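S.K.: fold the following for me, if possible:
(chains A and B)
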Number of protein chains: 2
Amino acid sequence: MANFGFSRLSVVSPYDVAFREARSAVGAAPLLHKAQEFATLADAVADCPLVVGTTSVGHRELQHPIRRLEYGARLMLRALPAAPVALVFGSEKFGLSNEDLSHCQWLMRIPTVGQDLSMNLGQAVALCLYEMARDPKAAAARPGKIRSATAAETEQITLRLLEALGKSGYVNPVTAFSTDEKVRRLIRRLEIPARDVPVILGMLRQILWKLQ
Amino acid sequence: MANFGFSRLSVVSPYDVAFREARSAVGAAPLLHKAQEFATLADAVADCPLVVGTTSVGHRELQHPIRRLEYGARLMLRALPAAPVALVFGSEKFGLSNEDLSHCQWLMRIPTVGQDLSMNLGQAVALCLYEMARDPKAAAARPGKIRSATAAETEQITLRLLEALGKSGYVNPVTAFSTDEKVRRLIRRLEIPARDVPVILGMLRQILWKLQ
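M.R.: Next up is the predicted model:
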């Protein structure tokens, strides 16, 4: 929850000992400290105009519209600026009961391959909150481009390499001209980043020195 | 992995006892049975033209471009039809070592609030694979619309309710006409689903019968 910027955790009739221990543990997240405890789901969601349940595909409640996470998250975000929205998760073992579901307007499911969702509660929560916090624009964004070497720098590397190849006996004098062209094209296909130019030149200089 | 349709798991120098036990456990996923074991990361990713590491924001390796999950997943999907892509996760405690990172073309990070990613390995894997399996079209899709009651059905409910309100003494005879209008508008705002019409009429019929 904290990873994705959500701060209000409500817990309905938790197993007392475990909940108290988790809350008072050294290093417990502030979020867990502030978590509110309620006796019933109705109490926990009382101030939320929109209450959304979560379900695995297996659990088909025909009474409720079931929406895929990608779409359901958008609907919740649209409702959120106006008033709190409750996203309800059941216990890891049994999920939400029919009584729990009767407090929900609609249900959300994580789209998975096949019918059996074998996922723990922590994973399911992380996926739902990630989808809500996800930035659709970031999918299309281009990361900062790495500056490529200039043509002059690329040519400098090409010439040093050709010199080393010549001295090492790699270049056949008869086909030397076509080798030049091939090496020049090969070096350009690499799109060497500008910052790597000094290192590569240094390597070639050292090899050339040894070859002399 | 199975939830999101990924099938090839490679494990690099796992803790032997734990790995063997997990693999041979009753009910272990077929995916775990087929998991391949490698001595080094280089061996594990040998057939992959694209090798992507994962990192928390804290772990800044300036040597590598770091891409957000939303964008990195697109890049991997684009590379995938042609050849296998390796997505590399480190141990939960230490992440990937610098040696591991040197085998990666670029790194991917899960976008979180703040710098500290406190997420377990299972959650991180689930999020990365969800983003790759996610259907961008599903975010815009409209779910099957629930058929609303017809105007005739809505009016039938309105008339029954007005009758019950009249018989119960709710309606002030002086303002009866304006009450009619208010109730009519109220009922229409509810957008009653077609399938709920018989239940609502049944309730009103029973109340009317008792009021007589």
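
S.K.: show me the helices in chain A, by range?
M.R.: Secondary structure of chain A (DSSP state H): helices at A:16-24, A:30-33, A:41-44, A:69-79, A:98-101, A:121-133, A:136-140, A:151-168, A:176-189, A:197-211.

S.K.: okay, now the unreliable bits of chain A?
M.R.: A:27-28, A:57-62, A:115-117, A:141-145 (pLDDT under 70).

S.K.: quick check: domain ranges of it?
M.R.: Here the domain assignment for chain A is A:2-140, A:151-211, based on automatic domain parsing.

S.K.: residues of chain A that sit close to chain B?
M.R.: A:2-5, A:29, A:65-68, A:70-71, A:73-74, A:110-114, A:117-120, A:122-123, A:126-127, A:130-131, A:133-136, A:138-144, A:146 (Cβ under 8 Å from any Cβ of the partner chain). (Glycine included, C-beta is placed from N, CA and C.)

S.K.: dump the helices of chain A to TSV, plus mean neighbour count.
M.R.: Below are these laid out as TSV (neighbours: other Cβ atoms under 10 Å in any protein chain shown):
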stretch	mean neighbour count
helix A:16-24	12
helix A:30-33	12
helix A:41-44	18
helix A:69-79	19
helix A:98-101	14
helix A:121-133	20
helix A:136-140	13
helix A:151-168	16
helix A:176-189	13
helix A:197-211	13
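
S.K.: can you tell me the centre-most residue of chain A?
M.R.: What sits nearest the mean C-alpha location of chain A, by Cα atoms, centre = their mean, is A:Y130, with 7.9 Å.

S.K.: contact partners for the residue nearest to that residue when sequence neighbours are not counted?
M.R.: Of all residues not flanking A:Y130 in the chain, B:L127 sits nearest, at 5.3 Å (Cβ to Cβ, 6 or more residues apart in numbering or on different chains). Shown in contact with B:L127 (Cβ atoms under 8 Å, 6 or more residues apart in numbering or on different chains): A:126-127, A:130, B:69, B:110, B:119.

S.K.: also A:R74?
M.R.: Contacts of A:R74 (Cβ under 8 Å, 6+ apart): B:139-140.

S.K.: repeat that for 7 Å
M.R.: By Cβ atoms under 7 Å, 6 or more residues apart in numbering or on different chains, the residues touching A:R74 are B:A139.

S.K.: roughly how far does it sit from A:A86?
M.R.: Per Cβ to Cβ, to the nearest Å, A:R74 is found 17 Å from A:A86.

S.K.: same question, A:A152
M.R.: Relative to A:A86, A:A152 is positioned 62 Å away (Cβ to Cβ).

S.K.: now A:E99
M.R.: From A:E99 to A:A86 the distance is 15 Å (Cβ to Cβ).

S.K.: rewinding a little: take the domains of chain A and lay them out in a markdown table including distance to B:I187.
M.R.: Output for the domains of chain A, formatted as a markdown table (distance: least, Cβ to Cβ, whole Å):
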| stretch | distance to B:I187 |
| --- | --- |
| domain A:2-140 | 19 |
| domain A:151-211 | 67 |
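
S.K.: if we can go back for a sec, want to throw the helices of chain A into JSON lines with distance to B:Q105?
M.R.: Formatted as JSON lines, these follow (distance: least, Cβ to Cβ, whole Å):
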{"stretch": "helix A:16-24", "distance to B:Q105": "40"}
{"stretch": "helix A:30-33", "distance to B:Q105": "36"}
{"stretch": "helix A:41-44", "distance to B:Q105": "47"}
{"stretch": "helix A:69-79", "distance to B:Q105": "28"}
{"stretch": "helix A:98-101", "distance to B:Q105": "46"}
{"stretch": "helix A:121-133", "distance to B:Q105": "24"}
{"stretch": "helix A:136-140", "distance to B:Q105": "19"}
{"stretch": "helix A:151-168", "distance to B:Q105": "20"}
{"stretch": "helix A:176-189", "distance to B:Q105": "16"}
{"stretch": "helix A:197-211", "distance to B:Q105": "18"}
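
S.K.: cool, thanks, signing off.
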